[in-house]
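[1] okay, predicted coordinates and the sequence, questions at the end:
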Protein chains: 2
Amino acid sequence: MQQLSSLRALPPVLSFRWVLAVCWLCLLGQRAAAEEIKSPNANLTLTFALQAGGVPTYSLAYKGRAVIKPSRLGLELKEGPGLADGFAVADAKTTAFDQSWQPVWGEVKTIRNHYNELTVTLNQTATKRVLVLHFRVFDDGLGFRYEFPRQPALAYFVVKEERTQFALAGDHKAFWLPGDYDTQEYSTTTSKLSEVRGLMKAAVTPNASQTTFSPTGLQTPLMLKSQDGLYINIHEAALIDYSTLSLELDDKNFVLAAHLTPDALGDKGHLQTPCLSPWRTVIVSDRAGDILESKLVLNLNEPTKYPDTSWIKPTKYVGVWWEMITGKSTWAYTSGGNIKLDSIDYAKLKPNGTHAANTAHVKEYIDFAAQHHLDAVLVEGWNIGWEDWFGQSKDYVFDFVTPYPDFDVAELHRYAAGKGIKIIMHHETSGSVRNYERHLEKAYQFMNDNGYTAVKSGYVGDILPRGEHHYGQWLNNHYLYAITEAARHHLMVNAHEAVRPTGLARTYPNLIGNEAARGTEYEAFGGNNVDHTTILPFTRLIGGPMDYTPGIFQTRVSAYNPANTSFVHSTLARQLALYVTMYSPLQMAADLPETYNKFLDAFQFIEDVAVDWDDSKVLEAEPGDYITIARKAKGRSSWFVGSTCDENGRTSAISLRFLDPGKKYVATVYADAKTAHYETNPQAYTIRKVAVTNRSKLTQYCAPGGGYAISIVEGPGQR
Amino acid sequence: MQQLSSLRALPPVLSFRWVLAVCWLCLLGQRAAAEEIKSPNANLTLTFALQAGGVPTYSLAYKGRAVIKPSRLGLELKEGPGLADGFAVADAKTTAFDQSWQPVWGEVKTIRNHYNELTVTLNQTATKRVLVLHFRVFDDGLGFRYEFPRQPALAYFVVKEERTQFALAGDHKAFWLPGDYDTQEYSTTTSKLSEVRGLMKAAVTPNASQTTFSPTGLQTPLMLKSQDGLYINIHEAALIDYSTLSLELDDKNFVLAAHLTPDALGDKGHLQTPCLSPWRTVIVSDRAGDILESKLVLNLNEPTKYPDTSWIKPTKYVGVWWEMITGKSTWAYTSGGNIKLDSIDYAKLKPNGTHAANTAHVKEYIDFAAQHHLDAVLVEGWNIGWEDWFGQSKDYVFDFVTPYPDFDVAELHRYAAGKGIKIIMHHETSGSVRNYERHLEKAYQFMNDNGYTAVKSGYVGDILPRGEHHYGQWLNNHYLYAITEAARHHLMVNAHEAVRPTGLARTYPNLIGNEAARGTEYEAFGGNNVDHTTILPFTRLIGGPMDYTPGIFQTRVSAYNPANTSFVHSTLARQLALYVTMYSPLQMAADLPETYNKFLDAFQFIEDVAVDWDDSKVLEAEPGDYITIARKAKGRSSWFVGSTCDENGRTSAISLRFLDPGKKYVATVYADAKTAHYETNPQAYTIRKVAVTNRSKLTQYCAPGGGYAISIVEGPGQR
């Protein structure tokens, strides 16, 4: 990453001396109690106001329409008076910021970080405490955070609850997940806010670890659409050393209130000044595509501090994974349960015959990856312990360095390296986080020693230490610890079941992927909603890329495991589209080589599609209905288009005006056949080649649960 | 340590196959429901009986007198039926064991492990579960434990409470501490059991971390004396992967019930079969000295698995410590509070002028240690973070490798090594255990790199992870992790504020010391009871050595810090006695060199006294009143005697028949002067030399709070 400018609007943390100066200014005269700033394009207006009793509030308008009505700010503390009222404005100042930067990987080559900032310093006279509010207004939304400067009257404090509100202007349509301290692996429910309470029970489906907290609790990123057509997204950015934000809905007044994840004692954060809350974000537009194109969350994160990022590489991979997810194979080497890792001797146990991660079989994946110019092979189930790993609050569940007897680490390293293929490490922790941290250094060193450059980590099940939650401050601290320790080893991390991302990959770009949502695996666990992939880019992906693991061509799971009647709620053509619509620098071709070998013409798109981009354009978008995106491959002239739609099917009409004027291209269109249908005929696809220019238009049928993918390559005859 | 015999009575964990065999035997015919075994000398009788409803019980008699009346056994589980009733006896067998072994360090050269064992296998018919009870009856007491064999119907279980009882025969006199999940730093209260409830409130004095649980909760080791003169000690042995035992007193019926330390969720243990509970121990005799001489707790622990123990060395040391405890100096380098370790720059801060752990000052301690043939110098406050380390639930509180600017690690290593002195590392964790584990490997490596061979660790304050307790299964696991990781680095551990020992030093002999009681430091925090050191060997020391840090010659703390009016409740002569009466392979000369230089004649005893022994004899003992012990130095003919008494003073009369017949010795007696008194005249001592043989007798006056020390060296003129 190259920093284009060293300009900084504000030091991230105010010095104590500065605070004293503010206090002194305060004595000279209290400032007016309302302040207003606009976005650079003046479409958004942020108003800060102190209400009666010294209660800080803010409101946000977009083109004169209320997005957030006056809403409270502040925090309630576990002990003593809170930081939610009794304030006077000591200082308010406005600054401007405009800087562009280049991400290590991303959807575009250059990101403009352009905002006006209002900084309000509040004095709580009775307690002699100071609270600073930062509001940054971009053309695409608002970010605001709390700053707690170093000060004599506030050193340590325990948060009872953050009292931030988002008072909405009406009973919006919402794309929501049940609020939960431990999982986001729920189907999205689409309803009016007033309908949430009635739909909550059905929305809370079982998970290996889950803790809901309210009949109107919601998760972020929360996507909303007002009746008059405003698209609003509420999330957070830069979640560091703080508890994860959920939202508690007042379904009479349509006010969302912050609800933080508690620790084992029920507290919601242990903070020490000087410190900062994460940013609370409101992205807003009257065009849905603007939500998808917003870089607001990334911009609110700090530039990376890694001096060298050359070792971070976007990756396309296959993996020994879907065959276990479907039940065709097993992670475990034997069929016994109740094992203790420190006393089991696998050499004396009978293999179960279904263990997928064996040397010969992994070589088949390596061969396939090499033949099709992929980068890597993920192998799950390579290490001992899988016979008894889950759901028992087990402490010493894996050691992360000992392979099963049939997995030859050195030989596979040699074999893969000889073909230019990386093997991706897998660290399932089973939620036993102390055990993982105890083994982390050796496990990472093992990766360095054996040629692994990336790790998929997992946090299935309830957390150890007991009483802590996946999304609490304790675990958020852990996830970042794992990422920064991995960076010391030049390792990339793809963390599953960890907290959903908040743009941290700008600062820590080796965080190359996350799950934190209902991924493709659920297609083998009963299925995802057909419109799932038309929603995820508006919700989960607002915080960062998702390892969604698309590319399932054999959509009938029973083909692999007759006992499993699940099916993938997508046509084959739409599976290709997801490589474009579901942005990630880490993309899996999730199906089995044996299946891909039957559909090599379609697989060609997966082989060709880029995983890093110089540009991205949202061509069509409506949450829950359809998304069509075009992206330009990094450092190349090729473009790739993906389109996904819901269960109704549709006809997509796009213009190719994003192509360079005057150039000639060949577009290869992978589309649903006329008879295609996600349930009854998912594998009916067509492939056609068309000569195109930037004046071309395309009208393309999308089957129910379908879509299409296009690769557009410069020059006739080229691919 | 040399294992004298490889004979083993029982495998520590029964195999599943064996359990099946037992079940089969069970079908052939149920065994009689009562079993009895005796100690090798037949003084003790253990009776196991199934009561109505299949309730397992045991009782213990000593010379025909009831020690433990029929008492329940079993566990209540969090889910499903418990393991406390519904049992039938499937098998009962008796075995004998007699083996001697040599500890790596200890009070005697060779320890005899001699017992009869009753193993009772119980079938819980309704649940098809098996529970095995082991009773080992030694001449000096009973140990019993639960074994949970690997079995189909019991893999994982969560303990709600252990239901073990100790039904006492009467309203005994007890030497007790309030039951607490986090501290044992209480003064001992001496009372009848029936008086506990009324005295509890006064007994619970403030501590940095404390969690009492009941008005009749008691800690172990619990020392009791019956009205007819039986001495009874209740404790546990081999506390591994289990929660710490406290006792809940029924003060009407004098029944003690097990009360385990809960985790953050209130549960009392997560177990997976096959596994074992710790041993529950009852040491009993009609002679108090037998309690002190008992090796029962050590014998119930496993032999060490360390292949090499040559790096474990008993150690006598001075330390940069008492001057901070008294308030004369500080651990901190500056006077500021509220610091963050990752952003503070000490080079820019003004030193407070009272930081003791500076290079020049530490060299003075090194010089003193070298002059007086001590082994080591402990240095506390050497590392950054002490300005803000305590009581704030702070996570990243120390990094364990970064010295203050005025502490030159390399120079002090060089200087100390040149004089044959070791520097003892100090790792205060502030209870932030995750942080410590994250730094553990680097901290231990830092010790290896810089010549440190032992570490004093500390766990002051509430535990992180929050909700866990000092004595819970989670922390017990941590303490042992720190010990075994240290062993990989050939490092000795002296853990303060950790769980009280249970003989684990037999298995892990690098656990060379523990605090886990009210040590000498409390003499500067208001004082210890005068009889404190006449009790501790009967209570805390039953589990293992204590780093009591004796040797305070300047008993008026105000001499170091005028603001501190505390004083040491002991005469100077008794401070010398403690090196013998308070057995530890790690002994501190805790006072300042400047003070020792004023009393070099008395300090000679500290210089001479051994810290490892070939033999030990308790010459006189009555808990709460007095203790006189003689010990023979390891590999030498010299003996050392120590005697401590309570606030009443007394005249001690001992025989030196422990000396070798026919040999001549010179005894140097360090005794209270006639006018000595712990409060009014503590420094009045006399030193005299006497020629003695094994026929000599000694009558020696001990002042109130006084005592005496004797070094006995072979041959006239020798020292």
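    Yep, it's here.
[2] any regions of chain A where pLDDT drops low?
    A:1-33, A:716-719 (pLDDT under 70).
[3] just the residues of chain A that are near chain B, which are they?
    A:150, A:155-156, A:158, A:263-265, A:267, A:270, A:272-274, A:337-338, A:340, A:392-395, A:434, A:437-438, A:441, A:465-468, A:474, A:477, A:481 (C-beta under 8 Å from any C-beta of the partner chain). Where C-beta positions appear, they are placed from N, C-alpha and C, glycine not excepted.
[4] could you report the neighbour count for residue A:662?
    For residue A:662, the count of nearby residues is 7 (other C-beta atoms under 10 Å in any protein chain shown).
[5] who's in contact with it?
    With contact set as C-beta atoms under 8 Å, 6 or more residues apart in numbering or on different chains, residue A:662 has these partners: A:693, A:694.
[6] so what does the closest residue to chain B within the stretch 551-700 of chain A have for phi and psi?
    Nearest residue of the stretch 551-700 of chain A to chain B, counting by C-beta to the nearest C-beta: residue A:563, 24.4 Å away. Torsion angles at residue A:563 (phi, psi; degrees, to the nearest 10) stand at phi -80, psi -10.
[7] picking that back up, among the residues of chain A next to chain B, name the ones in strands.
    Using DSSP state E, the subset of the residues of chain A next to chain B located in strands is A:156, A:158, A:270, A:272.
[8] for these, give me a markdown table that also has neighbour count.
    Converted to a markdown table, those look like this (neighbours: other C-beta atoms under 10 Å in any protein chain shown):
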| residue | neighbour count |
| --- | --- |
| A:156 | 16 |
| A:158 | 17 |
| A:270 | 23 |
| A:272 | 21 |
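[9] please identify which pair of those lies farthest apart.
    A:158 and A:272 (10.6 Å; C-beta to C-beta).
[10] tally of neighbours for the closest residue to residue A:351 other than its chain neighbours?
    Using C-beta to C-beta, 6 or more residues apart in numbering or on different chains and skipping the chain neighbours, the partner closest in space to residue A:351 is residue A:333 (5.7 Å). As a burial measure, residue A:333 scores 29 neighbours (other C-beta under 10 Å).
[11] cool, residue A:359 as well?
    That count, for residue A:359 with other C-beta under 10 Å as the rule, works out to 16.
[12] hey, where'd the strands end up in the stretch 551-700 of chain A?
    Along the stretch 551-700 of chain A, counting by DSSP state E, counting those that start in this stretch, strands occupy A:586-588, A:613-622, A:626-633, A:639-645, A:650-655, A:665-672, A:685-692, A:697-702.
[13] and the longest one, what's buried?
    Spelled out, that is strand A:613-622. Using 16 or more other C-beta atoms under 10 Å in any protein chain shown as the test for burial, strand A:613-622 gives A:613, A:614, A:616, A:617, A:618, A:619, A:620, A:621, A:622.
[14] surely the fifth one meets residue A:293?
    Meaning residue A:618. Yes - counting by C-beta atoms under 8 Å, residue A:618 touches residue A:293, with 5.4 Å between them.
[15] could you measure from the nearest residue to residue A:427 once chain neighbours are set aside over to chain B?
    Counting by C-beta to C-beta, 6+ apart, the nearest residue to residue A:427 once its immediate chain neighbours are dropped is residue A:457, at 4.5 Å. Distance from residue A:457 to chain B, counting by C-beta to the nearest C-beta, to the nearest Å: 17 Å.
[16] roughly how far apart are residue A:457 and residue A:549?
    15 Å (C-beta to C-beta, to the nearest Å).
[17] ditto for residue A:167
    Counting by C-beta to C-beta, the gap from residue A:167 to residue A:549 is 38 Å.
[18] which one's more surrounded, these two?
    Neighbour totals were compared for residue A:167 and residue A:549, and residue A:549 leads with 27 against 21 (other C-beta under 10 Å).
[19] helices of chain A, start to end?
    Along chain A, the stretches classed as helices by DSSP state H are A:16-28, A:196-203, A:288-293, A:296-299, A:322-325, A:359-371, A:409-418, A:433-449, A:473-488, A:532-535, A:572-581, A:593-596, A:600-608.
[20] what sits against residue A:167?
    A:59, A:68, A:69, A:70, A:71, A:253, A:254, A:255, A:256.
[21] oh, I was asking about residue A:239
    Contacts of residue A:239 by C-beta under 8 Å, 6+ apart are A:245, A:278, A:476, A:499, A:502, A:504.
[22] tell me which of those fall in strands.
    Per DSSP E, those map to strands at residue A:245.
[23] can you redo the contacts of residue A:239 as CSV with neighbour count?
    Below are the contacts of residue A:239 laid out as CSV (neighbours: other C-beta under 10 Å):
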residue, neighbour count
A:245, 25
A:278, 26
A:476, 23
A:499, 25
A:502, 28
A:504, 26
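[24] which one of the contacts of residue A:239 is nearest chain B?
    Using C-beta to the nearest C-beta, the contacts of residue A:239 come closest to chain B at residue A:476, 11.8 Å.
[25] gap between the closest one and residue A:482?
    For residue A:476 relative to residue A:482 (C-beta to C-beta), the value is 11 Å.
[26] one more: residue A:413?
    23 Å.
[27] look at those two and report which has more neighbours.
    Per other C-beta under 10 Å, whichever of residue A:413 and residue A:482 has more neighbours is residue A:482, with 24 against 16.
[28] my read: that one touches residue A:439, true?
    No - the criterion here is C-beta under 8 Å, and residue A:482 misses it with residue A:439 at 11.3 Å.
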